[in-house]
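Visitor: Here is a sequence with its predicted model. Questions after.
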Amino acid sequence: MAESKKIAVIGGGIAGMEAAGNLVNLGFEVYLIERTNRLGGNVANWYCLFPDFKPSSKVVEQLKPAIQNKVQFRFGAEVCKTEKKGNKHLLHLNDGEVLECDAVVVASGFSLFDAHRKEEYGYGIYDNVITSADLEKQLAENHTVMTTQHKAPRKIAFIHCVGSRDHKVGNAYCSKVCCVTGVKQAIEVAKMHPEAEIYSFYMDLRMYDRQFEDLYMEAQTQHNVRFIRGRLSECFENADKTILLKAEDTLSGKPFRLSVDMVVLLVGMQADQSLKHISDMFALKTSDDRFLSVADVHTSSIYSGVEGVYLAGACTGPKSIHETLNSARAAALSTAIYLNQN
Amino acid sequence: MKNWGYSIHKDNQIDLDRNDTSVYKALILVEPSIARCISCGSCCATCSSGEYTSLSFRKIMIQISRGETKDLYSNLSQCMLCGKCILVCPRDVNTRNAITKLLQILTTKN
Ligand code: SF4
Ligand code: SF4
Ligand code: SF4
C-alpha cells in the first residue's frame, strides 16, 4: 500500500480539531500545529454558548476523541518558514523540525478586539468596565458576576459593536456573533441577579440565525432587558465606582445618560496577528478586513486559491461555532478530494 | 422683562438616573406584551389619527420606558381606539389595550 498522504493543520482551535478529525477519518496522516499547549482556542475560554447555553467546554471535549492518539500533535509550535518541493509543502517549525506535507489546512482562527483601544470606554482605566470575554471568565470561574468591589450589580449595561463596524479602529465589518452573545450574557446575568436592571446599547440587532430572535424576545419579555438604540459615545467613572454612560437615544432623538454598576463591552473578532505571516508564507490573499480571501465566496469559501491550501474557521472572517465546524468539514473534504486526484 | 442677552434652556437630556419610570412599570404589569415592542413603527404608519396628530404608539412606548411623560396624556387622547395598529404589529403587541390601560393609569395617578 502506498504511503498515506500527510496534511498539516495549522491551529488547534475547534476548526483545526474538526478538520484534523475528519482528515484522519478519511485515512490521511495529520499533523496538528498549535502554538499554545492546549486545544480549543478561543472557545475553550468561553463559559456557555448561544443559543442553548451549552457549556463551551463540552464542545471542545466532543471534538477530542476524533483526534486523540490519532493525530500527531505539535504543541507550542509555530510555522516559521515554508518551502515548496514539487507538490509538497515543507513547513519549518520553530523548534527546527521540518514537516513534509501534501496539503495544508489553515485554521488559525481569530483574536478578540483589544478593548483598551477604545479609550473613551475606559477599559483598563475604570474598574467596572469589562469585556464580554472577561464576563465569560468570571462566569466560568465563579458561576456568578460581581463588580470589582464584590457587590452584586444592580444595573448593568452591555455595549454592542466594540471594535466592530468602526472605521476608527480599522474594523469596518460586523463581527456577527456579538449581538447574540450580548443577549445571551444579558439573560445569564438576569438569571443570576433577577433584581438587576439590564440595558443593551446597540446600533442594529443582528439576530441572523435560528433561535436568535427567540433569545432576543426572551430577554425582552422574561428578563426585562432594555434595548436602547444608540452607540455609546463615552464613559465616566463616578466617585462611587459606578459608570456614567453617555449615548444618544436615537429613537427619542435625545441625548441619554445613565449610571450603571458594570459595563460589558461586546468585543468583536479580528484577524489574528499571526495571519499576516501565514498569508505571506503561503502567498495567500487577504481582504481589506485582514482576514484571508477565499477563491469564491459562494462556491469555494474554504479554498484559498493556492494549490493544496484550504481554509477552515474564522481565519476567513467571523463565524459562529456551527459555521466554523461546517467550514472545517468542508475544508477537510475538499483537501481529501484534492489529494485523491493528485 | 429685562433682556440680559441670554436665556436658560431646559435640559434636553434623558437622565435615567433621575427619571421616574413608574408608569412604564405599572403598564407592563397589566399589558405585558409591550415588552415585545421593537420600535418598528408599523403601528404608527397605519394609524389614521397619527396622520393628523402627534399620536405615535412607538414614541409613546419609548417615552414611558425612559420615564418621559411630557404631553403623554394629550397625545394618547388622540387615539380613536380603532385597533388598526394591533393588526399590523409584527411582535403581537396588544397596542390598543396598552393605550386604554395607559390612560387609566394616568387618570388614577392624577
Ligand atoms: S454582531 Fe451586533 S454587536 Fe457584533 S458587530 Fe455586528 S452589529 Fe455589532
Ligand atoms: S387604535 Fe389608536 S393608535 Fe391604534 S391605529 Fe387606531 S387610532 Fe391609531
Ligand atoms: S408595530 Fe408593534 S413592534 Fe412595531 S412599534 Fe408598534 S407596537 Fe412596537
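Guide: Structure's in. What do you need? Ligands and ions are numbered 1, 2, ... in the order given.
Visitor: okay, and for chain B, where does confidence drop off?
Guide: Judged by pLDDT under 70, chain B has its weakly predicted residues at B:1.
Visitor: please redo it, this time with the cut-off set to 80
Guide: B:1-2, B:4, B:8-10, B:110 (pLDDT under 80).
Visitor: all helices of it, in order?
Guide: Across chain B, reading from the start of the chain, the helices by DSSP state H fall at B:22-30, B:42-46, B:57-65, B:72-76, B:84-88, B:95-109.
Visitor: Could you confirm whether the third one reaches chain A?
Guide: Yes - contact between helix B:57-65 and chain A, assessed by CB under 8 Å from any CB of the partner chain, occurs at B:58-59, B:62-63, B:65. Any C-beta I mention is one placed from the backbone N, CA and C, and that applies to glycine too.
Visitor: residues in contact with the residue of the stretch 201-342 of chain A found nearest ligand 1?
Guide: The nearest approach of the stretch 201-342 of chain A to ligand 1 comes at A:Arg206, 4.5 Å away (CB to the nearest ligand atom). Counting by CB atoms under 8 Å, 6 or more residues apart in numbering or on different chains, A:Arg206 touches A:174, A:176, A:179-180.
Visitor: buried subset of the residues of helix B:57-65 next to chain A?
Guide: Among the residues of helix B:57-65 next to chain A, those buried by neighbour count (16 or more other CB atoms under 10 Å in any protein chain shown) are B:58-59, B:62-63, B:65.
Visitor: OK, contacts around residue 60?
Guide: With no chain named, the answer covers chain A. Taking CB under 8 Å, 6+ apart, we find A:Val60 in contact with A:14, A:17, A:39-40, A:43-44.
Visitor: Please refer instead to chain B.
Guide: Under the criterion of CB under 8 Å, 6+ apart, the contact partners of B:Ile60 comprise B:72, B:75-76, B:99, B:102.
Visitor: of those, list those near ligand 2.
Guide: Subset of the contacts of B:Ile60 in contact with ligand 2: B:Ile99, counting by CB under 6 Å from any ligand atom.
Visitor: Just send the contacts of B:Ile60 back as a markdown table, with distance to chain A and neighbour count too.
Guide: Listed next are those as a markdown table, based on distance: CB to the nearest CB, whole Å; neighbours: other CB atoms under 10 Å in any protein chain shown:
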| residue | distance to chain A | neighbour count |
| --- | --- | --- |
| B:Leu72 | 13 | 17 |
| B:Asn75 | 14 | 20 |
| B:Leu76 | 17 | 17 |
| B:Ile99 | 19 | 22 |
| B:Leu102 | 17 | 25 |
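Visitor: Ligand 2: which of the contacts of B:Ile60 is nearest?
Guide: Of all these, the one with the least separation from ligand 2 (CB to the nearest ligand atom) is B:Ile99, at 6.0 Å.
Visitor: where does the residue of chain A found nearest ligand 3 land in three-state SS?
Guide: Nearest residue of chain A to ligand 3 (CB to the nearest ligand atom) works out as A:Leu251 at 9.6 Å. Under DSSP: H, G, I helix; E, B strand; the rest coil, the three-state class of A:Leu251 is coil.
Visitor: How about the contacts made by it?
Guide: A:228-229, B:39, B:58-59, B:62.
Visitor: how about a cut-off of 10 Å?
Guide: With contacts taken as CB atoms under 10 Å, 6 or more residues apart in numbering or on different chains, A:Leu251 has the following neighbours: A:227-230, B:39, B:41, B:58-59, B:61-63, B:65-66.
Visitor: go on, B:Ile64?
Guide: By CB under 10 Å, 6+ apart, the contact set of B:Ile64 is B:21-28, B:34, B:72, B:98, B:102, B:105-106.
Visitor: Can you select the buried ones from those in ChimeraX?
Guide: Selecting in ChimeraX just the buried members of the contacts of B:Ile64, where the criterion is 16+ other CB under 10 Å, is done with this command:
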select /B:21,23,24,26,27,28,34,72,98,102,105,106
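Visitor: could you redo the contacts of B:Ile64 as a markdown table and give each row distance to A:Ala330?
Guide: A markdown table is the format used below for those (distance: CB to CB, whole Å):
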| residue | distance to A:Ala330 |
| --- | --- |
| B:Thr21 | 50 |
| B:Ser22 | 55 |
| B:Val23 | 54 |
| B:Tyr24 | 48 |
| B:Lys25 | 50 |
| B:Ala26 | 54 |
| B:Leu27 | 50 |
| B:Ile28 | 46 |
| B:Ile34 | 44 |
| B:Leu72 | 55 |
| B:Ala98 | 48 |
| B:Leu102 | 53 |
| B:Ile105 | 56 |
| B:Leu106 | 59 |
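Visitor: Near ligand 1, list only the ones from the contacts of B:Ile64.
Guide: When contact is defined as CB under 6 Å from any ligand atom, the contacts of B:Ile64 do not meet ligand 1 at all.
Visitor: Would you mind listing what in chain B touches chain A?
Guide: Applying CB under 10 Å from any CB of the partner chain, one finds that chain B approaches chain A through B:11-19, B:21, B:24-25, B:28, B:32-39, B:41, B:58-59, B:61-63, B:65-66, B:68, B:91.
Visitor: residues contacting residue 65?
Guide: Looking at chain A here, since you left the chain open. A:Pro65 makes contacts with A:Gly21, as judged by CB under 10 Å, 6+ apart.
Visitor: I was after chain B.
Guide: The contact partners of B:Ser65, by CB under 10 Å, 6+ apart, come to A:226-228, A:249, A:251-252, B:16, B:19, B:21, B:23-25, B:27-28, B:34-35, B:37.
Visitor: Next one: A:Asn142 from A:Phe50, what distance?
Guide: For A:Asn142, the distance to A:Phe50 (CB to CB, to the nearest Å) stands at 21 Å.
Visitor: I should have written A:Asn171 there, sorry.
Guide: Taking CB to CB as the measure, A:Asn171 and A:Phe50 are separated by 21 Å.
Visitor: hmm, back to that, most neighbours, which of the contacts of A:Arg206?
Guide: In terms of neighbour count, A:Cys179 stands highest of these at 27 neighbours, by other CB atoms under 10 Å in any protein chain shown.
Visitor: List the residues that contact it.
Guide: For A:Cys179, the set of contacting residues under the criterion of CB under 10 Å, 6+ apart consists of A:50, A:158, A:160-161, A:164, A:200, A:202-208, A:212, A:215-216, A:266.
Visitor: Try it again at 7 Å.
Guide: With contact set as CB atoms under 7 Å, 6 or more residues apart in numbering or on different chains, A:Cys179 has these partners: A:160, A:205-207.
Visitor: per-residue confidence for it?
Guide: As summarised for this prediction, A:Cys179 has a pLDDT of 98.
Visitor: Just the CA trace of whichever strand or helix holds it, in PDB.
Guide: Secondary structure here is read from DSSP states H and E; on that basis A:Cys179 sits in helix A:178-192. Only the C-alpha atoms of helix A:178-192 are listed here, as PDB (Å, rounded to 0.1, in the frame of the first residue of the first chain):
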ATOM      1  CA  CYS A 178     -21.500  39.600  19.400                       C
ATOM      2  CA  CYS A 179     -25.200  40.700  19.200                       C
ATOM      3  CA  VAL A 180     -26.400  37.300  20.200                       C
ATOM      4  CA  THR A 181     -23.600  36.900  22.700                       C
ATOM      5  CA  GLY A 182     -24.700  40.100  24.300                       C
ATOM      6  CA  VAL A 183     -28.300  38.900  24.500                       C
ATOM      7  CA  LYS A 184     -27.100  35.500  25.900                       C
ATOM      8  CA  GLN A 185     -25.000  37.200  28.500                       C
ATOM      9  CA  ALA A 186     -27.800  39.600  29.400                       C
ATOM     10  CA  ILE A 187     -30.000  36.600  30.100                       C
ATOM     11  CA  GLU A 188     -27.300  34.800  32.100                       C
ATOM     12  CA  VAL A 189     -26.800  37.900  34.300                       C
ATOM     13  CA  ALA A 190     -30.600  38.400  34.600                       C
ATOM     14  CA  LYS A 191     -31.000  34.900  35.900                       C
ATOM     15  CA  MET A 192     -28.200  35.400  38.500                       C
END
